[in-house]
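J.: my questions concern the predicted model and sequence given below.
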Amino acid sequence: MPSAIFILIACALIGEALRGAVHLPVPGPVIGMFLLAGALIAGARRMPAATSLRASLDRTAETLISHMGLLFVPAGVGIIAQADLLRQEWLPILAAVIGSTVLSLIVTALVMQRLGQRVETGGKTDQPAAPSPKQEARP
Amino acid sequence: MTATLGTLWFNLSQSPLLWLAATLAAYQAGRMIQRACRGTPLANPVLIAVLLVAMLVVTTGTPYATYFAGAQFINFLLGPATVALAIPLARNLGRIRHSLPALGPALLVGSLTAIVSGVTIVSVLGGSRAVALSMAPKAATTPIAMAVSQQIGGGPPLTAALAIIGGITAAIIGDKLLRRLRIADWRSHGLAAGVAGSGIAAAQVAPRDETAAAFAALGLGLNGLTTALLVPLLATLWH
């Protein structure tokens, strides 16, 4: 557990350092995410045996991801600081946030599904589309 | 008696522990309410927790900075949690590589839709230019959205608020909306959540399916990059 948390924080830190050094327009943790994914893929090839570190990383990641919603609450409360502006221009703001989010969800998912099917019928069928094997309680 | 209570409140309200505890309790209450409503996404625990804490902060007259001094410990974990998305990403490498020809266009079109439709709706409904500029990058993950907003002359705190409202919207309606359109494939659900609703929507979809988690992580990371590149470019075209 401590080693897993260390790895996650170290990746965020390396990402932050890289962002500063190379002036990437992406936040440190997002760079760290791609770095760790690369390291895990490379590591899996060289050391296929699942080490205990790997298992603890899996567990820690699962816990963090399943409660990720909680982590947005402090920033979400920051909306109160925007209350005046939200009250003044509530109609364009709410219509645009909700409208553009709905449109983007639909467009992204439709294109992904249509093109994804074409890819699959061209190649080998990948996986059944339907519900997950791991249907847990919703977060 | 009232004086003692007053002193007690004063001491407590200055302690970071109070706001840390309040945030955790509000989120737990949100989860309990969602469970009581048979897990419907409509009872989103993030939305419930934000409303509960905001009411408490406003009624006690606490400055947001005082609240955040306590809650920053939770906020800090966002970094490691974002990095943790690497694990489902790495585990689904094969599936991702297989879907690349679909993923690229879906990401690009979805990202453009979020930017252009947001700005257009604000303008059509008579919103100010500052609001329109703050709206443009709001689908990206909050730190990217705020940085881009700053760069093009929007208001970063407003953009952060918009990003969170958008994320909650996607988390609440995403699943039902896509199923109504007969989209049942977890890759599409995950990618759409990551692109349109960034972290909050990804947090809703990720614990439900590992493939969805991988595509949400990818959508979130790549849409951040796409938004950071596209919005400043589009902003120079829009006067």
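T.: Now that the structure is in, tell me what you want to look at.
J.: can you pull the contacts of the closest residue to B:Ala140 other than its chain neighbours?
T.: Residue nearest to B:Ala140 in three dimensions, not counting chain neighbours: B:Thr227, with 3.8 Å by Cβ to Cβ, 6 or more residues apart in numbering or on different chains. Backbone N, C-alpha and C define where each C-beta goes, glycine included. Residues near B:Thr227 by Cβ atoms under 8 Å, 6 or more residues apart in numbering or on different chains: B:111, B:114-115, B:137, B:139-140, B:144-145, B:148.
J.: and which of the residues you listed is nearest A:Ser56?
T.: B:Ile144 (29.8 Å; Cβ to Cβ).
J.: now the closest one: how far from B:Gly224?
T.: As judged by Cβ to Cβ, to the nearest Å, B:Ile144 and B:Gly224 stand 4 Å apart.
J.: could you do B:Leu20 as well?
T.: 28 Å.
J.: tell me which of these two has more neighbours.
T.: Ranked by neighbour count (other Cβ atoms under 10 Å in any protein chain shown), B:Leu20 and B:Gly224 place B:Gly224 first, with 28 against 18.
J.: how is the chain partitioned into domains?
T.: You didn't say which chain, so I picked chain A. Listed domain ranges for chain A are A:1-70, A:82-123 (source: automatic domain parsing).
J.: should've been chain B
T.: As assigned by automatic domain parsing, chain B contains the domains B:2-70, B:99-237.
J.: what pLDDT does A:Pro48 get?
T.: pLDDT recorded at A:Pro48 is 57.
J.: and A:Ala55, what's its pLDDT?
T.: At A:Ala55, the model reports a pLDDT of 86.
J.: and after whichever strand or helix holds it, which helix or strand comes next?
T.: A:Ala55 belongs to helix A:52-66 when assigned by DSSP states H and E. Reading on from helix A:52-66 to the C-terminus, the next helix or strand found by DSSP H and E is helix A:68-71.
J.: and the spatially most distant residue from the centre of chain A, how far is that from chain B?
T.: Relative to the mean C-alpha coordinate of chain A, counting by Cα atoms, centre = their mean, the farthest residue is A:Gln88 (33.1 Å). Distance, A:Gln88 to chain B, by Cβ to the nearest Cβ, to the nearest Å: 9 Å.
J.: ok, that residue to A:Ala21 distance?
T.: Distance check for A:Gln88 against A:Ala21: by Cβ to Cβ, it reads 42 Å.
J.: and what of B:Ser111?
T.: 26 Å.
J.: if we can go back for a sec, tell me the buried residues in the helix holding A:Ala55?
T.: A:54, A:56-58, A:60-62, A:64-66 (16 or more other Cβ atoms under 10 Å in any protein chain shown).
J.: of those residues, list those near chain B.
T.: A:57-58, A:60-62, A:64-66 (Cβ under 8 Å from any Cβ of the partner chain).
J.: what lies in contact with stretch A:16-29?
T.: The contact list for stretch A:16-29 (Cβ under 8 Å, 6+ apart) reads A:11-15, A:31-32, B:78-80, B:82-83, B:141, B:143-144, B:147-148, B:221, B:224-225, B:228-229.
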